[in-house]
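# Predicted model and sequence follow; I will ask about them next.
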Amino acid sequence: MATLFELAKVLRSKNSGPFEVTLDLLFDSDEIYQRVKSSGKINKETICDLYNLKEDQVHHIVFFDQALGIKITIARDISSGSVGDRDVYGAQQHAPLMKITIDEAEMNSAEDCSCR
């Protein structure tokens with residue numbers, strides 16, 4: 001079992017305008033990217049659970065095969081820079097992603113499927 005913290009080369013977050021945050025997961029090998037993608041762990045349900053969101057607050061989950069990356073865009077609770085905003089740049093929002101685990105069985109099953 002491995003966490004995204006161990007598997008991803010880059011985990012980051014940033015503003016995507018004043019009302020959204022984008023979470024980026026970037027990998028340095030096609031094999032690892034495909035394993036994570038085919039595990040099915042990166043989905044609306046997981047993101048809603050991690051960030052305590054409703055499904056309509058997860059605006060996009062996009063897999064960019066050519067870049068070995070995953071982009072997730074979620075709604076901000078409070079617009080960037082408003083009173084009560086604790087992270088004006090949205091730069092500290094990626095931490096919950098680090099704990100997502102990919103089981104060895106899920107990683108091995110990715111090798112058996114045609115993911116490309």
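Structure received.
# from memory Lys71 sits against Phe64, does it?
Yes. With contact defined as CB atoms under 8 Å, Lys71 and Phe64 form a contacting pair (6.7 Å). Backbone N, C-alpha and C define where each C-beta goes, glycine included.
# out of these two, which sits in the more crowded spot?
The neighbour count for Lys71 versus Phe64, taken as other CB atoms under 10 Å, is higher for Lys71 (16 against 12).
# Please identify which helix or strand holds the more buried one.
strand 69-75 (DSSP states H and E).
# counting contacts, what elements does that strand pack onto?
Here strand 69-75 touches strand 20-26, helix 30-39, helix 44-51, strand 58-64, going by 3 or more CB pairs under 8 Å, 6 or more residues apart in numbering; DSSP states H and E.
# Would you tell me which one of these is buried the most?
Of all the helices and strands packed on strand 69-75, strand 20-26 has the most neighbours on average by mean count of other CB atoms under 10 Å, namely a mean of 21.
# For the closest residue to Gln57 other than its chain neighbours, list the residues it contacts.
Sequence neighbours aside, Ala75 is the residue nearest to Gln57 in space, at 4.2 Å (criterion: CB to CB, 6 or more residues apart in numbering). For Ala75, the contact set (CB atoms under 8 Å, 6 or more residues apart in numbering) comprises Phe19, Glu20, Leu53, Gln57, Val58, His59.
# thinking again about what came up before, and Val83, which of the helices and strands packed on strand 69-75 is closest to it?
The minimum distance between Val83 and the helices and strands packed on strand 69-75 falls on strand 20-26, with 18.0 Å, by CB to CB.
# now the angle between helix 30-39 and that closest one, please.
If you take axes from the mean of the first three to the mean of the last three CA atoms, to 10 degrees, strand 20-26 sits at 130 degrees to helix 30-39.
# what angle do strand 20-26 and strand 58-64 make?
20 degrees.
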